[in-house]
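S.K.: With the sequence up front, the predicted model follows.
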Amino acid sequence: MMTKFALAAFAAAGALTIPVAAHAQAQDEDTMKSPEITVGFTTGLHDLGLNRELRDATGLRADDLARTVGGFAAVDYKLGSNFFTGIEGNMNVGAGSGINYEFGGSLRLGYRGKDGAKVYVRGGYQWVDINLANILGVPEAAVPGDLQGHASDYLVGAGVELPAGKLMLRGNLDTVGFDTVRGTLGVGVRF
């Protein structure tokens with residue numbers, strides 16, 4: 001059910017981006033260029049914010065700082081001379097930590113400098129499948145059945161992308177439902 005909701009939110013975000021880009025093209029045809037596509041890899045740390053809840057439920061100290069690796073794809077459209085809007089999707093897996101996988105989509109709005117550097121805010125939806133056994137350091141069968149093994153909520157964040165030759169370096173700081181904090185670093189290629 002939540003997976004269908006996440007995919008629907010991702011599709012809706014894409015549908016909203018297209019009219020904004022078309023409007024910008026009609027207003028400023030001379031500065032509007034074709035969409036800029038970025039594809040890349042990312043790694044990060046995701047503080048799931050579950051330590052107190054898990055300690056209260058199990059009496060065990062929890063290590064809920066999850067390491068992730070994955071990929072992303074973004075499509076941006078210029079708005080006027082320096083502003084842009086776009087859509088981004090991501091998919092990450094846990095690297096032996098408290099996350100099995102996570103994925104989501106977001107809308108981006110930001111400023112693009114003449115050198116290609118971008119600063120942006122974003123908002124969307126993120127689904128996180130949590131590995132409670134790894135967090136608690138116990139076998140899967142020992143995890144209490146009443147504990148929820150996933151989280152999904154709105155994503156709010158900000159980021160920066162810096163050109164480095166033919167590559168692009170990026171950093172993001174996000175929260176999922178203001179319950180978690182996720183920092184990521186990545187490298188990508190712009191088309």
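M.R.: Yep, it's here.
S.K.: And the next helix or strand past the helix or strand of the chain with the lowest mean pLDDT?
M.R.: Least confident helix or strand of the chain, by mean pLDDT, DSSP states H and E, is helix 2-27 with a mean of 44. Counting by DSSP states H and E, the next helix or strand C-terminal to helix 2-27 is strand 36-47.
S.K.: neighbours around residue 49, how many?
M.R.: For residue 49, the count of nearby residues is 16 (other C-beta atoms under 10 Å). Just so you know, the C-beta spots here come from the backbone N, C-alpha and C atoms, and that holds for glycine as well.
S.K.: Next, the contact list for the most centrally placed residue in the chain, please.
M.R.: Centroid-nearest residue in the chain, with C-alpha atoms, centre = their mean: residue 90, separated by 5.6 Å. Going by C-beta atoms under 8 Å, 6 or more residues apart in numbering, residue 90 touches 42, 70-72, 102-105.
S.K.: what's the answer for residue 71, then?
M.R.: With C-beta under 8 Å, 6+ apart, residue 71 has these contacts: 39-42, 90-92.
S.K.: Repeat that for residue 163.
M.R.: Contacts of residue 163 by C-beta under 8 Å, 6+ apart are 115-117, 190.
S.K.: who wins for neighbours among these?
M.R.: residue 190 (17 neighbours).
S.K.: Buried residues of stretch 90-110, list them for me.
M.R.: For stretch 90-110, burial by neighbour count (16 or more other C-beta atoms under 10 Å) applies to 90, 92-94, 97-100, 102-110.
S.K.: Show the end-to-end separation of it, please.
M.R.: In stretch 90-110, first residue to last residue: 18 Å (C-alpha to C-alpha, to the nearest Å).
S.K.: Quick one: mean pLDDT over that stretch.
M.R.: Mean pLDDT, stretch 90-110: 93.
S.K.: Stretch 75-86 too?
M.R.: 95.
S.K.: same question, stretch 37-49
M.R.: Summarised as a single mean, pLDDT over stretch 37-49 is 93.
S.K.: do stretch 138-147 as well
M.R.: Average pLDDT, stretch 138-147: 75.
S.K.: Same check on stretch 174-191?
M.R.: In this model, stretch 174-191 has a mean pLDDT of 94.
S.K.: Now tell me what touches it from outside.
M.R.: Contacts of stretch 174-191 (C-beta under 8 Å, 6+ apart): 36-49, 68, 72, 116, 122, 126, 128, 151-158, 161, 163, 166-173.
S.K.: and that stretch, how far apart are its ends?
M.R.: End-to-end for stretch 174-191, by C-alpha to C-alpha: 25 Å.
S.K.: Check which residues of that stretch are buried.
M.R.: Under the neighbour-count criterion of 16+ other C-beta under 10 Å, stretch 174-191 has 174-176, 180-182, 184, 186, 188, 190 buried.
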